[in-house]
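Asker: Here is a sequence together with a model predicted from it:
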Amino acid sequence: MVDQLRSTPTGGPNAGPGKGAPLVLQIKDLGVRYGDKAALTGVSLDIRENEIFGIIGPANAGKTSFLRAVNRMDEFDSHMHVSGEVLYHGDNIRNWRNPYAIRRRIGVVFPLPVGLPLSVYENVAFAPRIRGVNTKKDLDIIVERCLRRAALWDEVKDRLETLGSLLSGGQQQRLTIARALSQEPTILMLDEFSIAVDPVTTMRIEAVLKELKHEMTIILVTNLVQQANRLADRTALFLNGRCHEIGDTQALFSGHVQHPETKDYIEGRFG
């Protein structure tokens, strides 16, 4: 069981909300397959409110499939089949009639920034408009707040009518985060956000995530193990389509692991 794989929390710079914090997600025996090929098998884990939960692992370990299953993205892919349960505050997300309701609460940012073919302003205002916010005053407040939270406001406040696609790669990634925040999610999932951005922008986004965790839960899939070490309160290693080990990040990176493969991956001996 997952509980048996958890290491004892040690505190430190990433000390999270602790074992007593309320659960926001409970994953029970989650499986994902594409046609006849299994991507995930028997994944069970809990994610708490106001923590950064890191997921590391080599390519094809099932990390992105995990995010897609949590967000019900299989409904866009006839080859993707999901089994098991994903409970959001105790409710099975598969029982929600409106999948967009769950996607509003669980935002996703993918590796390559894909903006809407709209201005910077309208990229962020799009989701609020959909849910019925129409007055310019209210939209202005939302757009500025989300751009500030994504550490982008000072760079774009004088060109809000510019196409979002004309921003730099790092700015587009932060615009994607601002757009996700405009949905007012309680969970923000990021899938290897640093792939398309430079190191300076990566550090800016990391600083943003440290602040955002006080407002929401963050699930961070990263191919950079040291990024998980810097940010995550707890970290899970996915390996061969399974959750191989999960524990307090500082404990794992200090060598307190249940399985030698975890230490080998963290220390760069495979992956």
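Answerer: Alright, I've got the coordinates.
Asker: From here on, just use CA atoms for contacts and neighbour counts.
Answerer: Noted.
Asker: Tell me, how many residues neighbour Leu167?
Answerer: Burial measure for Leu167: 15 neighbouring residues, criterion other Cα atoms under 10 Å.
Asker: cool, Lys63 as well?
Answerer: The criterion is other Cα under 10 Å. On that basis, Lys63 has 28 neighbouring residues.
Asker: could we number from 550 for the rest of this?
Answerer: Got it, the first residue is 550 from now on, which makes the last one we talked about Lys612.
Asker: Can you show me the strands along the stretch 650-799 of the chain?
Answerer: Secondary structure of the stretch 650-799 of the chain (DSSP state E, counting those that start in this stretch): strands at 655-658, 736-740, 766-770, 783-788, 791-797.
Asker: Can you lay out these as TSV showing distance to Asp813 and mean neighbour count?
Answerer: Listed next are the strands of the stretch 650-799 of the chain as TSV, based on distance: least, Cα to Cα, whole Å; neighbours: other Cα atoms under 10 Å:
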stretch	distance to Asp813	mean neighbour count
strand 655-658	29	23
strand 736-740	23	23
strand 766-770	19	26
strand 783-788	11	25
strand 791-797	12	23
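Asker: Please tell me how far the closest residue to Pro648 other than its chain neighbours sits from Gly790.
Answerer: By the measure of Cα to Cα, 6 or more residues apart in numbering, the closest residue to Pro648 outside its immediate chain neighbours is Arg621, 7.0 Å from it. When distances are taken as Cα to Cα, to the nearest Å, Arg621 and Gly790 turn out to be 18 Å apart.
Asker: quick one, which of the two is more surrounded?
Answerer: Set side by side, Arg621 and Gly790 show unequal neighbour counts under other Cα under 10 Å, the larger going to Gly790 at 22 against 19.
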